[in-house]
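> coordinates only, sequence not included:
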DNA sequence: AATATAATAGGACGTACGTCCGAATGATAT
DNA sequence: ATATCATTCGGACGTACGTCCTATTATATT
């Protein structure tokens, strides 16, 4: 999502993301984005046609980035320690170092509450991530046994939901006390005791 | 939040809520609200001064309603069965019968990501609810013992976060399969096994 | 070098928005 | 009945927005 000099279209998307992470969709105008990108307003229409289409593209980029990040995080973990806790650690890391992305994700989610096309895009993203978590669960046979009352799909959705909700809560901590939020993430480990 | 005939100010707030639940903050204009309320546009300025102040009022009303609902739900549960699972059941009920309120809550949350005054309002609300959950936890001495590794405050935040996240996820289920979401809520019970 | 195509910029267009004024109406007190 | 104050309304004002047209500049093709 860093600006690729020379590629105007990417520069615009990157600027859109930057604006979004600073002010949120409701407060961002195409003029803001054009300014941030250092580009004429009309360029946005030239490359993306409409505001809707521009943000459609942005959503695809953001969810792709999230999926890739998660995948990389999983892959760099030693296979021996690959558990659902990997997911917890990933969210802790994301919250600490990429809260900007989390804010944008939630902003886009709220957008999707009222727009069917956006909803479709993001529910696809949710499904992808949730399926990936399900794979993690299934890789661990003792876990499957431990939770055999619940379907792995259900468990993975529960886990993902918890992560998202705790992170969301953390974004509202006015004291900005990261320790408390990390502890809250950690508390989900009671699930695997 | 139902329109109180004769009280114009309340009628306007109720209309604002209705519009919000249908279209979301970003897509609602003061003219929409005035129409919904059956009132002249200028009345909104007369009673609330500005759009910001109107929604500030609305946020207070909505969070009050949430807190009250939860409190009522807790109180009508038999004391014997008063556990954190009460919270799970409350969210299941809210999701099934009051998803409109949940949608509005998330919309307002996303608003708060970018507005300090809104953030303050809603983080106060979060704290209230989280404190109430903490009381529920503390009432159950066996639970306190079971989870003595984690502070009750941390556990309550984890629980609330999980509920919010799972509900959020549910709002994006395009198949609208309520059974799956209820199962996902139920899966949080593994915490108390 | 000449020509065609793509990219960029400036700026105009209509629209929808939040705000708020001034007049009309209703209610209340003297 | 008159005066005072609160309430309601229609509509105007300036502004900011998304869209898109036209002219200009850069790039590629012959």
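Received, thanks. Only a predicted model underlies this, so the values are computations on that prediction, with no experimental measurement involved.
> DNA strand D contacts on chain A?
Residues of chain A found near DNA strand D (Cβ under 7 Å from any atom of the strand) are A:28-32, A:41-42, A:44-45, A:49-52. Every residue, glycine included, has its C-beta placed from N, CA and C.
> near DNA strand C, which of these show up?
A:41-42.
> next SSE after the host helix or strand of residue A:56?
Per DSSP states H and E: residue A:56 is located in helix A:51-76. Once helix A:51-76 ends, the next helix or strand along the chain (criterion: DSSP H and E) is helix A:84-97.
> now which of the residues of chain A next to DNA strand D would you call buried?
Listed as buried from those are A:28, A:30, A:32, A:44, A:51; burial here means 16 or more other Cβ atoms under 10 Å in any protein chain shown.
> which neighbouring elements make contact with the helix holding residue A:56?
helix A:8-23, helix A:30-37, helix A:41-48, helix A:84-97, helix A:99-112, helix A:116-139 (3 or more Cβ pairs under 8 Å, 6 or more residues apart in numbering or on different chains; DSSP states H and E).
> mind redoing it with 7 Å?
helix A:8-23, helix A:41-48, helix A:84-97, helix A:99-112, helix A:116-139 (3 or more Cβ pairs under 7 Å, 6 or more residues apart in numbering or on different chains; DSSP states H and E).
> got the angle between that helix and helix A:99-112?
Here helix A:51-76 runs at an angle of 130 degrees relative to helix A:99-112 (axes from the mean of the first three to the mean of the last three Cα atoms, to 10 degrees).
> buried sites along helix A:51-76?
Neighbour counts over helix A:51-76 (16+ other Cβ under 10 Å) mark A:51, A:54-59, A:61-63, A:65-66, A:70, A:73-74 as buried.
> could you report the pLDDT at residue A:61?
Looking at residue A:61, its pLDDT reads 94.
> cool, residue A:82 as well?
69.
> can you tell me the closest non-neighbouring residue to residue A:170?
residue A:181 (3.9 Å; Cβ to Cβ, 6 or more residues apart in numbering or on different chains).
> next up, phi/psi of the one you found, please.
Torsion angles at residue A:181 (phi, psi; degrees, to the nearest 10) stand at phi -70, psi -40.
> now swap in residue A:177 and tell me
Dihedral angles phi and psi of residue A:177 (degrees, to the nearest 10) take the values phi -90, psi 90.
> near it, how many other residues are there?
When neighbours are defined as other Cβ atoms under 10 Å in any protein chain shown, residue A:177 has 11 of them.
> and the pLDDT for it?
Predicted confidence (pLDDT) for residue A:177: 80.
> show me where pLDDT drops low in chain A?
The model of chain A has pLDDT under 70 over residues A:1-6, A:82, A:193.
> and the residue of it closest to DNA strand C?
In chain A, no residue comes nearer to DNA strand C than residue A:42, which is 2.8 Å away by Cβ to the nearest atom of the strand.
> one step back: could the buried ones among the residues of chain A next to DNA strand D go into TSV alongside distance to residue B:9?
As requested, those are exported to TSV (distance: Cβ to Cβ, whole Å):
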residue	distance to residue B:9
A:28	32
A:30	36
A:32	35
A:44	41
A:51	35
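> tell me which of those is nearest to residue A:157?
residue A:28 (31.0 Å; Cβ to Cβ).
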